[in-house]
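# Give me the fold of what follows.
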Amino acid sequence: MTIDVALEHEIRRLHDVEKWKRGTIAAELGVHPDVVDRVLDRGADRVLVSAPKPSLVDPYGAFIAETLKAHPRLRATRLFDMIRMRGYTKRPASSFTTDVRLTRARAATSACLRPKSTRSARSCRPAWTSAGAAMVTKS
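This is a model prediction of the structure:
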């Protein structure tokens, strides 16, 4: 059995926009819950994409990336102080450290994609030392 296209759109709108549950939609529109399930499952391959929200740190993104590239071990709190001297007053340092962590993660991910230098097989072997009856590994 088919239903009207306008009813399908209303079911999808109530589910996607109004965030109603399937049973609530069925009761409100006077249709069987299986009809609601069928309409929503038919659109399961639809992708609802929202635009990413701009971060408050975005205007300082180039400065942060450049500073971390020059000084990779610089603490996020020190970087936060540097940004505040440049006019950033929006959030506390705890939120800012999350943004710095993400910036570091992106840099580390790109570093993992670079080819690594090869080490000799000798440097990869463990150094075993005998200490009485127990074996000890040097690290």
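
# Break the protein into its domains for me.
What the record gives for the chain is the domain set 5-42, 50-100, from automatic domain parsing.

# what ranges do the strands span in the chain?
Along the chain, counting by DSSP state E, strands occupy 127-131, 134-138.

# hey, least reliable of those strands by pLDDT?
Here the lowest mean pLDDT among the strands of the chain goes to strand 127-131, at a mean of 54.

# How many neighbouring residues does residue 29 have?
By the criterion of other C-beta atoms under 10 Å, residue 29 has 14 neighbours. Placement of C-beta: from N, CA and C, glycine included.

# picking that back up, would you format the domains of the chain as JSON lines with mean pLDDT included?
JSON lines is the format used below for the domains of the chain (pLDDT from 0 to 100):
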{"stretch": "domain 5-42", "mean pLDDT": "92"}
{"stretch": "domain 50-100", "mean pLDDT": "82"}
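
# Now do the helices in this structure.
With DSSP state H applied, the chain shows helices at 5-16, 22-29, 33-42, 61-70, 76-85, 93-112, 121-124, listed in chain order.

# Give me the buried positions along the fifth one.
Spelled out, it's helix 76-85. By neighbour count, with 16 or more other C-beta atoms under 10 Å as the criterion, the buried positions of helix 76-85 are 76, 79-80, 83.

# now the fourth one
Across helix 61-70, burial judged by 16+ other C-beta under 10 Å covers 64, 67-68.

# before we move on, what about stretch 84-98?
Of the residues in stretch 84-98, those with enough neighbours to count as buried (16+ other C-beta under 10 Å) are 88, 96.

# Keeping just the C-alphas, turn that stretch into PDB.
Output in PDB follows, covering the C-alpha atoms of stretch 84-98 (Å, rounded to 0.1, in the frame of the first residue of the first chain):
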ATOM      1  CA  ARG A  84      45.400  36.300  25.000                       C
ATOM      2  CA  MET A  85      48.100  38.900  24.400                       C
ATOM      3  CA  ARG A  86      47.000  39.100  20.800                       C
ATOM      4  CA  GLY A  87      43.300  39.800  21.800                       C
ATOM      5  CA  TYR A  88      41.700  36.400  22.400                       C
ATOM      6  CA  THR A  89      39.200  36.800  25.300                       C
ATOM      7  CA  LYS A  90      36.400  34.300  24.500                       C
ATOM      8  CA  ARG A  91      36.900  31.100  26.500                       C
ATOM      9  CA  PRO A  92      38.900  29.800  29.500                       C
ATOM     10  CA  ALA A  93      42.200  27.900  29.000                       C
ATOM     11  CA  SER A  94      40.600  24.500  29.600                       C
ATOM     12  CA  SER A  95      38.500  24.800  26.400                       C
ATOM     13  CA  PHE A  96      41.500  26.200  24.500                       C
ATOM     14  CA  THR A  97      43.700  23.200  25.400                       C
ATOM     15  CA  THR A  98      41.200  21.000  23.600                       C
END
